[in-house]
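K.L.:
3D, please:
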Amino acid sequence: MAGIGCCCPSALSSQSNLATSCSLLRTQTWKQQHRRSFIIKAEVDFVDSDKATKLIAEGYAVLDVRDRIQFERAHIKNCYHVPLFIENKDNDLGTIVKRTVHNNFSGLFFGLPFTKQNPEFVQSVKTQFSPETKLLLVCQEGLRAPAAANKLEGAGYRNIACITSGLQSVKPGTFDSVGSTELQNAGKAGLVTVQGKISAVLGTFLICAFLFVTFFPDQAEKLLQLAPTS
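P.N.:
Modelled structure (predicted):
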């Protein structure tokens, strides 16, 4: 009976070696996965507009990830366009309510379309560029380009750059552009643009009035006397 409780030394040694091998394999796999993840993320380069022009000269392809409306207002000449967000035309009740609220606030004041994530974004990029392609991602405010870069990283793209703060920070004339406005103004639309013009006119009027009263006080006093009183 005592022999039943005994184990062969060679069996214990084999079990120990197996456990050690499994542990080493898990450790190596974990290191490889995290090393690969670190390498991928280290490839994204955030640059200013001056550096971006140099990257284009070095062969980077410009990929514009803005929505269709902003792209049509102004875009870099000869760039590619694959929107990260597309117009949401779904007609379920929840979407209709959200779209109505959006169109009466953000859409009305800022001219922003009601959008959703483009489910074909990565696939559309893949049809045009190989994972080895050097890509310069651009958006308007500097938010969508990093999000697009994250998706493309996961799809195996290694050479990605983004313009810090987006096209809104680009000075006029930095890039050859196509459209009805400057690149930095492509995100401006809706009532805020009208309000901006009204504010500019009103501000100009007030400045002129102040200068007139300052330098021509006698004439200003006469004009005030001509004003009707209640």
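K.L.:
If the closest residue to residue 81 other than its chain neighbours is in a bridge, with which residues?
P.N.:
Spatial nearest neighbour of residue 81, excluding adjacent residues (CB to CB, 6 or more residues apart in numbering): residue 64 at 4.8 Å. All C-beta atoms are positioned from the backbone trio N, CA, C, and that covers glycine. Legend: beta-bridge partners of residue 64 under DSSP bridges are residue 81, residue 138.
K.L.:
Let me see the ranges of the helices in the chain.
P.N.:
Counting by DSSP state H, the chain has these helices, from start to end: 9-42, 49-57, 68-73, 93-104, 106-110, 121-128, 144-154, 191-215, 217-226.
K.L.:
Give the rounded mean pLDDT of the longest one.
P.N.:
This means helix 9-42. Taken as a whole, helix 9-42 carries a mean pLDDT of 49.
K.L.:
before we move on, the earlier item: any idea which of the helices of the chain scores lowest on pLDDT?
P.N.:
If these are sorted by mean pLDDT, helix 9-42 sits at the bottom with a mean of 49.
K.L.:
Let me see the residues that make contact with stretch 180-189.
P.N.:
66, 69-71, 73-76, 110-112, 140-141, 167-172, 174-175, 177, 179, 196 (CB atoms under 8 Å, 6 or more residues apart in numbering).
K.L.:
Around the closest residue to residue 88 other than its chain neighbours, how many other residues sit close by?
P.N.:
In this structure, residue 88 finds its nearest non-sequential neighbour in residue 116, 4.1 Å apart by CB to CB, 6+ apart. As a burial measure, residue 116 scores 12 neighbours (other CB atoms under 10 Å).
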